[in-house]
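1. Curious how this folds, go ahead:
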Amino acid sequence: MRQHPARLETELSVESPLWAAVPGVEAGVRAAAEAAFAAMPHRPALAEASIALVDDAAIRDLNRAWRGKDQPTNVLSFPAPPVAIPGAPVLLGDIAVAFETTAAEAAAEGKTIADHLAHLVVHGMLHLFGHDHIEAGEAEQMETIERDILATLGIADPYAARGID
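-> Model (predicted):
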């Protein structure tokens, strides 16, 4: 294991006032990001991730610009290119999470918005570390990692709530 403690600096930007409806939203986002970071076996000693809490209109613009999809989505991740500057944090990348889509999914799945947000932040962090879910095997591996991380936060299996194994 590591001989030194690894640390994540989370640059959090609450860009939509809708997120004020979620008690403790900033602490919850930071806890989820830090839990995901701590679970990564090959994490840098010092890293930084940027997380923006936006609305559906903002994430729709991002989704259209970067993925060619003119619709909102729950979370987008933008991994940073690997650049090492001695003494500086390793920039992992950016994550954006949309309020309305997150709230609607949480309601449909019988979850709290806070728990679903934590899941989406963990999911986004895994993308910043190179995980993906395009292939079925990758998706299963990613879901297992997500379950394990969320369990450390006291959050139930998000896939069981939807009847997904």
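
2. quick one, what contacts the most centrally placed residue in the chain?
-> What sits nearest the mean C-alpha location of the chain, by C-alpha atoms, centre = their mean, is Val121, with 1.9 Å. Contacts for Val121 (C-beta atoms under 8 Å, 6 or more residues apart in numbering) come out as Val29, Ala32, Ala33, Ala36, Ile51, Val75, Ile95, Val97. To be clear about C-beta, it is placed using only N, CA and C from the backbone, and glycine gets the same treatment.

3. Which of these fall in helices?
-> Cross-referencing these against helices under DSSP state H gives Val29, Ala32, Ala33, Ala36.

4. What lies in contact with the helix or strand harbouring Ile149?
-> Here Ile149, judged by DSSP states H and E, is contained in helix 136-152. Helix 136-152 has contacts (C-beta under 8 Å, 6+ apart) with 32, 35-36, 39, 118-119, 122-123, 126, 131-133, 156-159, 164.

5. Quick one, grab the pLDDT at Ala84.
-> Ala84 carries a pLDDT value of 78.

6. Quick check: closest non-adjacent residue to it.
-> Residue nearest to Ala84 in three dimensions, not counting chain neighbours: Val90, with 6.7 Å by C-beta to C-beta, 6 or more residues apart in numbering.

7. what separates that neighbour from Ala96, distance-wise?
-> Distance of Val90 to Ala96, given as C-beta to C-beta, to the nearest Å: 20 Å.

8. more crowded one of the two?
-> Set Val90 next to Ala96 and count neighbours by other C-beta atoms under 10 Å: Ala96 wins out with 24 against 17.

9. where does the chain have low pLDDT?
-> Applying pLDDT under 70 to the chain flags the ranges 1-5, 161-165.

10. What segments of it are strands?
-> 7-14, 46-54, 75-79, 90-98 (DSSP state E).

11. List buried residues within the contacts of helix 136-152.
-> The neighbour count (16 or more other C-beta atoms under 10 Å) marks 32, 35-36, 39, 118-119, 122-123, 126, 131, 133, 157-158 as buried among the contacts of helix 136-152.

12. which of the residues you listed sit farthest apart?
-> Ala35 and His133 (19.0 Å; C-beta to C-beta).

13. before we move on, the earlier item: so what's the residue nearest to the centre of the chain closest to, chain neighbours aside?
-> That would be Ala32: by C-beta to C-beta, 6+ apart, it lies 3.9 Å from Val121.

14. Good, we can wrap up now.
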